[in-house]
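# Build me a structure from this.
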Amino acid sequence: MKTNQILKVCFVFVALCSTIHVTGQKLVDRNGHVAFQASEALFEPVEAKNESVTAVLDVATHEIASLALIKGFRFKNSLMEEHFNENYIESEKYPKATFKGQLMDFDIANVTDAPQQVRVDGKLELHGKEKAIETYLNVGRAGDAIVISGSFSVTPDDFDISIPSIVKNKIAKEVIVSLEFKMKEL
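You can find the predicted model right below:
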């Protein structure tokens, strides 16, 4: 084979391999942040953070999934955390929250340092119930990571979570859920 032919074959092989790698690429964050805020004005803040949420993004299919262990949510008030796990979410019976969805009109090649809004459609499962979630998330690049962040709202009723009447006025009717994932190659 002539040198030009060898170079062409090598170039085609490299191009095919890089295409296969990109289309099969999965990005992951094992320390994602999810927080919620359910506070009513004039009362003690009802909020918690979980900083060990796992999220996976399939670059080829634009599917995104995340898993948060309920007992990973930390409150400032330990009694509030105990009530959250035992009385409201029943974390022994329902130990995790999951989200499975798809980034719509998403192309990783178009992701830049300047975050852009991308629509996500999916389902959040919590307390044994599912709820459709449609929202916009900010997607941008930060170094070698794709950063996905944003928020959406849900209600305790969406997941059949009973709030006792004695504290009902201290907990917001709408719960704001915020998230941030720094996705990197596996």
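
# How about residue 138, nearest residue that isn't a chain neighbour?
In space, and not counting its chain neighbours, residue 138 is closest to residue 115: 4.0 Å by Cβ to Cβ, 6 or more residues apart in numbering. C-beta here means a position set from N, CA and C on the backbone, and glycine is covered the same way.

# How much space separates residue 138 from residue 132?
Distance, residue 138 to residue 132, using Cβ to Cβ, to the nearest Å: 21 Å.

# Neighbour count for the two, which is higher?
residue 138 (15 against 10; other Cβ atoms under 10 Å).

# name the element the more buried one belongs to?
Using DSSP states H and E, residue 138 maps to strand 129-142.

# could you pull out the strands for this protein?
Here the chain has its strands, by DSSP state E, at 26-39, 47-58, 63-69, 96-103, 116-126, 129-142, 145-154, 171-185.

# Turn those strands into TSV, columns for distance to residue 162 and mean pLDDT.
Shown next, in TSV, are the strands of the chain (distance: least, Cβ to Cβ, whole Å; pLDDT from 0 to 100):
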stretch	distance to residue 162	mean pLDDT
strand 26-39	14	97
strand 47-58	18	98
strand 63-69	21	98
strand 96-103	17	98
strand 116-126	14	98
strand 129-142	12	98
strand 145-154	15	98
strand 171-185	11	96
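
# right, so of the ones you listed, which gets closest to residue 87?
Proximity to residue 87, assessed across these by Cβ to Cβ, is greatest for strand 171-185 (11.9 Å).

# Same question for that closest one: list its buried residues.
Neighbour counts over strand 171-185 (16 or more other Cβ atoms under 10 Å) mark 171, 172, 175, 177, 179, 180, 181, 182, 183 as buried.

# before we move on, back to that, list of residues touching the strand holding residue 138?
99, 101, 103, 106, 111-124, 146-152, 154, 158-160, 179, 182 (Cβ atoms under 8 Å, 6 or more residues apart in numbering).

# Equivalent analysis for stretch 63-73, please.
Outside stretch 63-73, the residues that touch it by Cβ under 8 Å, 6+ apart are 32, 34, 36, 48-58, 81, 84-85, 89, 91, 94-103, 120, 122, 148, 179, 181.

# repeat for stretch 95-115
The contact list for stretch 95-115 (Cβ under 8 Å, 6+ apart) reads 22, 57, 59, 61-71, 116, 118-126, 133, 137-142, 146-147, 149.
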